[in-house]
Each structure stands twice: as structure tokens, then as C-alpha cells.
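Peer 1: Can you look at this prediction? I've put the sequence above it.
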Amino acid sequence: MSTDKRTITVRAPVNIAVIKYWGKRDEKLIIPLNDSISGTLDMEQLCATTSVAISPSFKCNQMWLNGEEVDMTANERLFRCIQEVKTMVGTSQWPADHHLQIASRNNFPTAAGLASSAAGYACLMYALCRLFGVDDAERISTLARLGSGSACRSVYGGFVQWVAGTDHQSSIARQILDEEAWPSMRVLVLVVSDHRKDTSSSSGMKSSVETSDLMKKRVQDIVPQRITQMLTAIKERNFHDFAEITMRDSNQFHAICQDTYPPIHYMNDVSWSVVSLVHYFNKLYGCNKVAYTFDAGPNACLYVLENVVPELLALITAIYGKSESKLEVQGIEYKKHPELNDSLQKYAVVNACPGALKYVISTKLGTGPQVLSTSFDANCLIEESGGIKNNDV
């Protein structure tokens, strides 16, 4: 392999916000109206994988997403992110006669409200920067933000705060706790739909900023208080408070979507049935055992402590599983829970909704992006001679 031909393959995680980012102060720089906090999920279950290669022998710049070629110049944010790195490293590292090829894929549905753009841009910018020897996490995070705001949080593991700031330099993400600091924390992703959502996050945010009166109250008064409360709950590992703040913030985010004109509907009837299930479960035990949160889509993300997962999964299976086939649970396995108590069994029978969930992803908190390889090996999605590998199409 010639010394002027380089490649790197990286994988990066999804993050799920517990204090939501919704609305921009600056559309071009993606400066948010308020701070946000998220949990980074383990890449064994949810991740984006990206290979980047540069060579003078490539005929042109090309990119593939999930096996399909995309126009790199048509997406303004994508084009800008690549140009930012090109300007940063200079022509000595990125000569004018070298072409770039990118292949990226997700192991989860794209644009279905599972933070695919966050994982995708974090993965791309981490790969591009590391390809050229840039390994400063803060710089990579800031560049990733230019592609997708929440991507800046996926550059770190564990719990992460995105400080809104007022400009490109001050709008940064920083780690609150790493992925090992709250080891009992678990996440269940209940996949209601894997179809592309009707209203994109970008257009939805813009409409909310322009038309929602509730948005102003949220940004000015409510979120600053919640950020302080959530930071305390996370640092003290106080799950009860963590859960209440998470659920209240999710509810308010979707209330703002309803207050937007015309209103935006991301949640559906199955989503709301999950909300009811969680509140019933928590009320039965007299404290918060589970927290739901919904991003811009119908899929539920449940934060829950490890010892509660078996019983909760048993209840979810009893409500949403079909009698002829078990509800598919991907990821971390748990021992089967004994029979549900009478109250939960009765609730499951009354609220049965067989087949309403496609599957469940069982996961935990995880690390930031990782380099898989720096050669055209089996991990690389690009052929050494150029073009996407056939096994990735």
C-alpha cells in the first residue's frame, strides 16, 4: 500500500437525551437555545460504523450510507463538515489531487427517532480527524456539532452535558460521568416503528421556535433549573429524581411539539401506552423504578436500574408479545423473571396490545467513539482500489 493512501474505520454511539435539545439560536453553527444532557449507549447494540479513505488513485469523491451512494455536495452540513477538516489540516496532509471516499452504516433504523444523525456525524468527524492525526475530543465534538447538534454529545461516553454557549467556541459538550460511574444503569429501547418520521427534527425545531409560546418559557425558566437538578441527581446516583426529571422533560418536549403550529405528532398510541405502563409500574412500587423518554419519534427509551429489568421485561412481553411468538429482545440478556404479581398480571391482561412493538433493544451506558482499524482490512467498508465493498451493499 502506498504511503499516500490512508484509511481508518471507526464506530460511534447513539446518545439519548434526558434533558432535550430542541431549538437553535444559530441555524448555521447549530448553537442551541438551551443546555441538554444525555446518556451515551453501548455500541455493542447501537452504533454507526464509518470508513474514510483518501488516495490520489481514487477517481472522485464518493460517499455511501447504508449501501446507497449519496451526493456529498447536496447536503450543506455534510459538505461544510468535510471542508472544515480539510481547511484545518491543510494541503500538506490533504493535497488537491487526493480524493476522499466514505462508507457509513448504522446497525439500527435511520431517521426513526433513534438519534442516527448524532451517531453518524460523531463517527464521521471522529474518523476524519483521527485520519489526519487530530485526537482532541473537544475539537472533534465541536466539529461534529456542525453536522448534527446532538452529535457533539456522542463524542463522549457515559452522561454528557452540551453547554449551549453563545458562539462556536463556547457551545461545547463535556462529560459528567463516564460509563463505569453508574454501573447499574440500563436502557431498554422499545422500537414501535422503524420507518422514517414524517417531520424531521430540523424542520420541527424551526417551527417550534417560530410558533410555540411554551418554548420561550421552557428555554428561559424551566431548563436552567432542570439542568441543575439533573446534574445533582446524576452525580449522586439518585435514580428516583433522575427518573422524574427525565419524564417531565420528555413530556414537556412533546407538549411543545403539540403547541407548535401546525402541531407536530411524534408519539403514537403505542407510545402513550408505554407512558401509562411506566407510571403504573412506578405507582405500584411507590417510587420511580423506570423512566421513559421519547425523542422525535414514537420509540420509547426506558432508563432503569439493572435489578428491575427482568420484571419490567416480563411485563412488557406480557403486554406487547404475541402468544405464538415471543417478543424479540436484542442485546443484553437477563434471567427470566418469575410470574408477575397479581396487580401487574391484571394490568397486562387489561392493556394487552400484542404485536405493537417490533422488538426491544436491551443495552447500557457505553464509551465514546472507537477506532476499529487503520488499514483496508475486514473491518474497512471501502476497497483499497476504491469503491464500497460488495458485502456492505
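Peer 2: Alright, I've got the coordinates. Residues are numbered from 1 along each chain as shown.
Peer 1: neighbouring contacts of stretch 232-249?
Peer 2: By Cβ atoms under 8 Å, 6 or more residues apart in numbering, the surrounding residues in contact with stretch 232-249 are 18-20, 37, 159, 176-177, 182, 223, 226, 229-230, 278, 282, 287-293, 303, 305. Glycine gets a C-beta too; all of them are placed from N, C-alpha and C.
Peer 1: Residue 219 reaches residue 23, doesn't it?
Peer 2: Yes - contact criterion Cβ atoms under 8 Å: residue 219 and residue 23 qualify, at 6.9 Å.
Peer 1: Need the residues touching each of the two.
Peer 2: Counting by Cβ under 8 Å, 6+ apart, the shared contacts of residue 219 and residue 23 are 33-34.
Peer 1: Of the two, which one has the most company?
Peer 2: Of the pair residue 219 and residue 23, residue 23 is the one with more neighbours under other Cβ atoms under 10 Å, namely 22 against 19.
Peer 1: Need the pLDDT of that one.
Peer 2: Residue 23 is assigned a predicted lDDT (pLDDT) of 97.
Peer 1: how near is it to residue 33?
Peer 2: Per Cβ to Cβ, to the nearest Å, residue 23 is found 4 Å from residue 33.
Peer 1: What of residue 331?
Peer 2: Residue 331 is 34 Å from residue 33, by Cβ to Cβ.
Peer 1: what's the answer for residue 46, then?
Peer 2: 27 Å.
Peer 1: Neighbour count: the two, which is higher?
Peer 2: More neighbours surround residue 46 than the other of residue 46 and residue 33, with 26 against 21 (other Cβ under 10 Å).
Peer 1: Contact partners for the nearest residue to the more buried one once chain neighbours are set aside?
Peer 2: Nearest residue to residue 46, sequence neighbours excluded (Cβ to Cβ, 6 or more residues apart in numbering): residue 14, at 4.4 Å. Listed by Cβ under 8 Å, 6+ apart, the contact partners of residue 14 are 40-41, 46-48, 108, 114-116, 118-119, 154.
Peer 1: For residue 84, which three-state class applies?
Peer 2: helix (DSSP: H, G, I helix; E, B strand; the rest coil).
Peer 1: Likewise for residue 126?
Peer 2: Secondary structure state of residue 126, per three-state DSSP, is helix.
Peer 1: next one: residue 173
Peer 2: Under three-state DSSP, residue 173 comes out as strand.
Peer 1: What number of neighbouring residues does it come out with?
Peer 2: Going by other Cβ under 10 Å, the residues that sit close to residue 173 add up to 26.
Peer 1: Same question for residue 330.
Peer 2: Counted with other Cβ under 10 Å, residue 330 comes out at 16.
Peer 1: so it sits in a strand?
Peer 2: Yes - with three-state DSSP as the criterion, residue 330 is part of a strand.
Peer 1: That one contacts residue 360, doesn't it?
Peer 2: Yes - the pair residue 330 and residue 360 passes the contact test of Cβ under 8 Å, sitting 7.0 Å apart.
Peer 1: tell me the SS of residue 49?
Peer 2: Using three-state DSSP, the structure places residue 49 in strand.
Peer 1: Contacts only, for it.
Peer 2: Contacts of residue 49 by Cβ under 8 Å, 6+ apart are 9-11, 104-107, 123, 372, 381.
Peer 1: picking up where we left off before, tell me which of the contacts of residue 14 has the lowest pLDDT.
Peer 2: Ranking these by pLDDT, residue 115 lands last with 61.
Peer 1: quick revisit: where do the contact lists of residue 23 and residue 33 overlap?
Peer 2: Common contact partners of residue 23 and residue 33 (Cβ under 8 Å, 6+ apart): 209, 215, 219.
Peer 1: and the second one, how many residues sit next to it?
Peer 2: Other residues within reach of residue 215 by the criterion other Cβ under 10 Å amount to 21.
Peer 1: tell me the pLDDT at it?
Peer 2: Note for residue 215: predicted pLDDT of 96.
Peer 1: Now residue 59: phi and psi?
Peer 2: Phi and psi for residue 59, reported as degrees, to the nearest 10, are phi -80, psi -30.
Peer 1: List the residues that contact it.
Peer 2: 99, 386.
Peer 1: Now do the same for it: its pLDDT.
Peer 2: pLDDT, residue 59: 94.
Peer 1: ok, residue 273 to residue 308 distance?
Peer 2: Residue 273 is 19 Å from residue 308, by Cβ to Cβ.
Peer 1: burial measure for residue 93, as a count.
Peer 2: Residue 93 has 16 nearby residues by other Cβ under 10 Å.
Peer 1: what about it, helix or strand, and which?
Peer 2: Counting by DSSP states H and E, no helix or strand carries residue 93.
Peer 1: distance of the nearest residue to it once chain neighbours are set aside from residue 50?
Peer 2: Of all residues not flanking residue 93 in the chain, residue 132 sits nearest, at 5.2 Å (Cβ to Cβ, 6+ apart). Using Cβ to Cβ, residue 132 is found at 15 Å from residue 50.
Peer 1: do residue 76 as well
Peer 2: Residue 76 is 19 Å from residue 50, by Cβ to Cβ.
Peer 1: before we move on, what about residue 355?
Peer 2: Distance, residue 355 to residue 50, by Cβ to Cβ: 34 Å.
Peer 1: ok, now residue 186?
Peer 2: From residue 186 across to residue 50, the span is 27 Å (Cβ to Cβ).
Peer 1: Pick out whichever of the two has more residues nearby.
Peer 2: residue 50 (31 against 22).
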